[in-house]
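Novice: the sequence and its predicted three-dimensional model are supplied below.
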Amino acid sequence: MAGFGGQDLVTELRAQLDCFRYRVEELERENKRLLFQLSKCQCSKVDVQPLIDACISFHGGFKESKGDEIRNTENLEAVLGSLSDNFTASSNNPVKNGHVEITGLGEKLMLMNSETGEEPGLQKIHLPARRYVALKIMYFGQRFYGFASEAQMDPTIESEIFKALERTKLMVGTKESSRYSRCGRTDKGVSSSGQVISLYLRSNLKDVGGNTVNQMSTLEQKCEIDYVRVLNRVLPGDIRVVGWCPVPTDFHSRFSCLSREYRYLFWKENLDILAMKQAAGKFIGEYDFRNFCKMDAANVNNYRRKITFFDISPSNKRYADDELWAMTVRGSAFLWHQVRCMVAVLFMIGQGLEAPDVIDALLDTIKTTRKPQYNMASEVPLILWFCEFENLEFICSPDASRALHEHLKSEVQRYILQAAIFDEALSCLLTPGKSSESLRKGKGHIPLLLRETEPSYEDRRNKLSLKATRKRH
């Protein structure tokens with residue numbers, strides 16, 4: 001009986017294996033039909049890319065787990081590769097009305113289906129609903145290596161946001177297929193109360209309504225995912241999503257932005273505010289700001305920018321005997337480190353080291369052809385305050401702002417404690433008769449226009465061309 005029972009078990013296992021193989025072949029046929037339908041339609045890369053990613057992921061994982069039991073997997077992967085390649089607009093795949101025409105796949109798929117003798121048919125595809133949204137981000141940048149993840153250093157604001165998107169499963173597909181864009185790339189240490197990003201996110205609604213908040217019904221707003229709450233549950237305390245809104249598919253956070261406003265906070269101390277205001281007014285207008293930025297000859301060849309507003313005003317906040325002030329500057333766009341360079345020169349004017357007319361001299365790039373060497377202002381007090389868009393109204397969350405405020409409040413208390421400790425340590429190091437004020441002054445000031453200059457734009461371009469020539473040879 002034992003032998004008989006063992007034989008029955010082997011027979012049953014073989015039957016189950018045959019069923020499994022049949023199911024695998026059935027799944028292959030379904031995917032062939034699906035790919036055939038894709039080859040016959042015109043669709044945008046954005047719409048279909050998540051599906052391609054899902055197909056490739058499914059077949060890659062299935063092959064890895066089941067090995068040789070999948071027939072024609074290599075052939076299918078080759079077609080999937082061709083499908084992905086065919087989404088690149090080229091001479092073989094002309095772009096028509098913003099879409100890419102897929103060609104040359106039908107024949108391959110027909111050959112694959114000729115093995116079964118079946119006609120390919122339409123299969124129903126279940127993809128998660130998604131919508132194109134803009135998110136308003138507030139962050140304290142002191143511990144981050146800038147906003148953009150391309151900084152090659154961690155952590156960045158952007159890397160933390162995408163970690164949160166992955167953890168919450170809000171993203172559909174990859175970063176590239178989500179049509180992600182950002183309004184600005186703030187530097188290391190810089191904060192923001194109005195950064196804006198846009199991308200496709202998962203939605204609770206299959207049939208998305210309007211592209212603006214005003215076009216959304218009350219029911220739609222209630223039923224939609226609360227992106228602010230979901231993301232803030234997993235983001236670090238110094239990054240908060242404070243609002244979201246639906247946007248049209250042609251919206252781009254960078255190129256749709258009408259203007260950007262920065263604020264730079266500083267303590268008044270003994271600065272000559274009237275002289276600083278007089279000098280700040282000279283920035284308003286459209287000028288070549290190459291003497292007020294870090295030159296990026298590899299990516300930028302036009303250094304003209306338009307400043308529409310520049311003001312210096314008190315913030316009604318005091319500490320000890322000092323008062324906190326703010327420089328507010330608004331423009332359509334800014335160069336790399338432009339705000340910090342303008343602030344640095346204004347501080348020299350406020351300290352009486354330079355006259356307000358030095359702004360005129362530095363803006364005249366015919367007379368002052370090269371930027372004098374000087375240090376930029378510190379990055380920590382700089383804030384990307386506001387980004388202006390047309391017809392963009394965010395569904396905001398006061399709770400998110402309060403949470404960040406509470407986080408920063410505890411950070412401030414920690415910094416005050418550290419400052420008190422360092423003040424006590426410094427007082428022990430000072431020798432009698434020599435004040436800390438005399439230590440701060442250091443060497444005498446060299447006028448900006450008499451200083452050594454940095455390489456010009458032409459020098460930098462020639463250096464880049466020389467490097468490229470050496471690489472070719």
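Specialist: Okay, I see it.
Novice: pull the number of nearby residues for the closest residue to residue 341 other than its chain neighbours.
Specialist: Among residues not flanking residue 341 along the chain, residue 292 sits closest, at 4.3 Å (Cβ to Cβ, 6 or more residues apart in numbering). Quick note: C-beta positions are derived from backbone N, CA and C, even for glycine. Residues within reach of residue 292, counting by other Cβ atoms under 10 Å, total 26.
Novice: now swap in residue 273 and tell me
Specialist: 13.
Novice: same question for residue 315.
Specialist: 12.
Novice: what is the three-state secondary structure of it?
Specialist: strand (DSSP: H, G, I helix; E, B strand; the rest coil).
Novice: for residue 356, see how far away residue 334 is.
Specialist: As judged by Cβ to Cβ, to the nearest Å, residue 334 and residue 356 stand 22 Å apart.
Novice: A strand includes residue 312, no?
Specialist: Yes: counting by three-state DSSP, residue 312 is found in a strand.
Novice: wait, it touches residue 326, no?
Specialist: Yes: assessed by Cβ atoms under 8 Å, residue 312 is found in contact with residue 326 at 7.4 Å.
Novice: which of those two has more neighbours?
Specialist: Neighbours were counted for residue 312 and for residue 326 using other Cβ under 10 Å; residue 312 has more, 22 against 17.
Novice: so in that sheet, which strands flank whichever strand or helix holds residue 136, and in what orientation?
Specialist: Secondary structure assignment for residue 136, by DSSP states H and E: strand 130-139. Strand pairing for strand 130-139, using DSSP bridges, gives strand 191-202 (antiparallel), strand 239-246 (antiparallel).
Novice: to residue 445, which of the ones you listed lies closest?
Specialist: strand 191-202 (29.9 Å; Cβ to Cβ).
Novice: in CSV, list the C-alpha atoms belonging to the closest one.
Specialist: Written as CSV, here are the backbone C-alpha positions of strand 191-202 (Å, rounded to 0.1, in the frame of the first residue of the first chain):
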residue,chain,number,x,y,z
SER,A,191,15.4,76.8,2.8
SER,A,192,12.0,77.3,1.1
SER,A,193,8.4,78.1,2.0
GLY,A,194,7.1,77.9,-1.6
GLN,A,195,9.0,75.3,-3.7
VAL,A,196,6.7,73.6,-6.3
ILE,A,197,7.1,70.3,-8.0
SER,A,198,4.7,68.5,-10.4
LEU,A,199,4.3,64.8,-11.4
TYR,A,200,1.8,62.1,-12.0
LEU,A,201,0.5,60.5,-8.7
ARG,A,202,-1.9,57.7,-7.9
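Novice: contacts for stretch 315-327?
Specialist: Applying Cβ atoms under 8 Å, 6 or more residues apart in numbering, the external contacts of stretch 315-327 come out as 263-269, 273, 280, 310-314, 343, 346.
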